[in-house]
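*Asks:* whatever this is, show me its structure:
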Amino acid sequence: MGLAVSYPRAGRTRGLPLVLTVALAGCAVGPRFKSPAPPAAADYGSAAVASATAAAAGAGGDAQRFITDLEIPAQWWTLFRSAKLDQLVEQALKGNPTVGAAQAALRQARELYAAQRSTLLPSVEGSLAANRSRFAVNSLANPTVSPNPTYTLYTAQLSLSYALDVFGGNRRAVEAAQAQAEVSRFQLEAAYLTLSSNVVVTAIQEAGLRGQLAATERLLDLQHQLTSIVRRQQALGTASTLTLLAQQSAEAQTAATLPPLQKQLGQTRDALTALLGRLPTDEPPETFRLEDLSLPQELPLSLPSKLVEQRPDVRAAQANLHAASAAVGVALANMLPQFAITADLGSSALKFGDLLHTGSGFWDTGASLTQTLFDAGALMHKHRAAEAALDEAGEQYRAAVILACQNVADALRALRADADALQASAEASRTAQATLDVASRQLQLGTISVAALTGAEQTYQQAELARIQAQANRYADSAGLLQALGGGWWNRPQGESR
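*Replies:* Presented below is the predicted three-dimensional model:
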């Protein structure tokens, strides 16, 4: 149980029975950790007003519904229904060095916890020594039964030491080590979640860039055809050289937008390769287009009180708070008397073969109590530092909870804005394409100028690129919401580990 013990300047002897009573009760000094209360908020404010998004025509335009407490699968990326994506995420989880480092950190923390637990048990050491000596015959009595001043002494000994955990300092240290192992465990879960999210979002970025490249290339083909038409008209004398140059300029401007998109696509492929834990020469054969992915139509929406149990970063912050709480107990116990029991059992002889003979054995037992009387306030300041660290961990936990709720609220706003943007962009793209088709026919008939056609071309390109970007954003922000909610690691089958 949690107990704060203080010693007055006088009367410490009279307080000894109380100390013994506390020891017998098995109490540990310092605060007893309790999990922080979950947020009382019922939702995510104005971000959670609507239960569904708008719908738009075309691929990726389905309305998305938010369902409270809908379970998230452990492999949440399967909601996009892409076998290629599933395969790449699994490869990344196995090959990315960040995950490997987090796994090693967890193994280290668990071993340190196991080592700390050993402090609750006695320590036994064995030793075997041989010493060659000569004593001063004129000033010292012979320390052996042999008349020879030069002798060899063989000693075999077992030593036992046990620090009595009267005030629970060792138990608090074990508690802190266990909490640190929990921190590493949830940091590993956070690494899994971040990595899988990065793979999904990077694949979506690749799909969006390929869509933008395809749209630009379609427009470029159309502009090339129109340039040929204007060139023929100029040869017939129905179009001026200025008109031809204007159309060629529009075609060249569109062509100039291709290299930046190709550069972005190449860098995105490099990023995806790195996420898999590979060098750029080992690029994966899988490629992605938006039509390869399915937009999840039902998305989970956990309440804030449940969110704090699902987010690995929040759980890691809670475990860190637990470790800081236990450290206060350790610091307080170090200010109190330290009790220890020691014992030795062994044999000593002038010949190695006589170690087991009668009369060569020895033993001793002892107990000690140690109390720091003066250390210039070092232990007191360490205790105050531990309390300050506990306050710091508490604020860090609070910040983690606020960030988690903010992430969900941001994702909800993004999803609704994306749906509205796609709805508007799809309509704008449809209208712009119809306008461009009419303008192209009228140019062939000679009823409009190239300047009018150029405006229609630019409007169509901008509308089509905006539509594709809005479509990709819906996929990416769907992944963002699933990441913000914790990713479903708690639904992994019991005992299954990465």
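
*Asks:* isn't E457 right up against T254?
*Replies:* Yes: using Cβ atoms under 8 Å, E457 is in contact with T254, at 7.5 Å. Any C-beta I mention is one placed from the backbone N, CA and C, and that applies to glycine too.

*Asks:* between these two, which has more neighbouring residues?
*Replies:* Set side by side, E457 and T254 show more neighbours around E457, with 26 against 20, by other Cβ atoms under 10 Å.

*Asks:* so the more buried one is in which element?
*Replies:* helix 450-484 (DSSP states H and E).

*Asks:* equivalent analysis for T216, please.
*Replies:* Secondary structure (DSSP H and E) places T216 in helix 169-236.

*Asks:* tell me the angle of that helix relative to helix 450-484?
*Replies:* Calculated by axes from the mean of the first three to the mean of the last three Cα atoms, to 10 degrees, helix 169-236 forms an angle of 170 degrees with helix 450-484.

*Asks:* helix 169-236 packs against which elements?
*Replies:* strand 28-29, helix 83-95, helix 97-117, helix 241-256, helix 258-275, helix 312-334, helix 378-445, helix 450-484 (3 or more Cβ pairs under 8 Å, 6 or more residues apart in numbering; DSSP states H and E).

*Asks:* can you lay out the ones you listed as TSV showing mean pLDDT?
*Replies:* Putting the helices and strands packed on helix 169-236 into TSV (pLDDT from 0 to 100) gives the following:
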stretch	mean pLDDT
strand 28-29	90
helix 83-95	96
helix 97-117	96
helix 241-256	87
helix 258-275	96
helix 312-334	96
helix 378-445	90
helix 450-484	85
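
*Asks:* including distance to L345, could these go into TSV?
*Replies:* TSV is the format used below for the helices and strands packed on helix 169-236 (distance: least, Cβ to Cβ, whole Å):
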stretch	distance to L345
strand 28-29	32
helix 83-95	53
helix 97-117	26
helix 241-256	89
helix 258-275	60
helix 312-334	30
helix 378-445	35
helix 450-484	61
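
*Asks:* and of the ones you listed, who's closest to S302?
*Replies:* Among the helices and strands packed on helix 169-236, helix 378-445 comes nearest to S302, with 7.8 Å by Cβ to Cβ.

*Asks:* name the helices or strands packed onto that closest one?
*Replies:* Secondary-structure packing of helix 378-445 (3+ Cβ pairs under 8 Å, 6+ apart): helix 169-236, strand 298-301, helix 304-310, helix 312-334, helix 450-484.

*Asks:* nearest to Q223 among the helices and strands packed on helix 169-236 would be which one?
*Replies:* For these, proximity to Q223 was assessed by Cβ to Cβ; helix 241-256 is nearest, at 4.2 Å.

*Asks:* biggest strand in the protein, by residue count?
*Replies:* As assigned by DSSP state E, the longest strand anywhere in the chain is strand 150-164.

*Asks:* tell me the angle that strand makes with helix 169-236.
*Replies:* Interaxial angle, strand 150-164 versus helix 169-236 (the same axes, to 10 degrees): 70 degrees.

*Asks:* parallel or antiparallel, list what pairs with strand 150-164.
*Replies:* Sheet partners assigned to strand 150-164 using DSSP bridges are listed as strand 123-134 (antiparallel), strand 338-349 (antiparallel).

*Asks:* need the winner for burial among these.
*Replies:* Each of the strands paired with strand 150-164 was scored by mean neighbour count; the highest is strand 338-349, a mean of 16, by mean count of other Cβ atoms under 10 Å.

*Asks:* quick one: which of the helices and strands packed on helix 169-236 is nearest G359?
*Replies:* Nearest of the helices and strands packed on helix 169-236 to G359, taken as Cβ to Cβ: helix 97-117 at 40.3 Å.

*Asks:* in CSV: the helices and strands packed on helix 378-445, plus distance to E111.
*Replies:* Formatted as CSV, those follow (distance: least, Cβ to Cβ, whole Å):
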stretch, distance to E111
helix 169-236, 9
strand 298-301, 36
helix 304-310, 27
helix 312-334, 16
helix 450-484, 31
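
*Asks:* for N131, find the nearest of those.
*Replies:* The nearest among the helices and strands packed on helix 378-445, by Cβ to Cβ, is helix 169-236 at 35.1 Å.

*Asks:* looking at the closest one now, give me its mean pLDDT.
*Replies:* Mean pLDDT, computed over helix 169-236, is 92.

*Asks:* just want the angle from that helix to helix 83-95.
*Replies:* Going by the same axes, to 10 degrees, helix 169-236 makes 140 degrees with helix 83-95.

*Asks:* how far does helix 169-236 sit from the chain's center?
*Replies:* Between the centre of helix 169-236 and the centre of its chain there are 18 Å (Cα atoms, centre = their mean, to the nearest Å).

*Asks:* do stretch 468-484 as well
*Replies:* Distance, centroid of stretch 468-484 to centroid of chain: 20 Å (Cα atoms, centre = their mean).

*Asks:* please shift the residue numbers so they start at 18 in all later answers.
*Replies:* Sure, I'll start numbering at 18, so the last one becomes stretch 485-501.

*Asks:* this completes my enquiry, with thanks.
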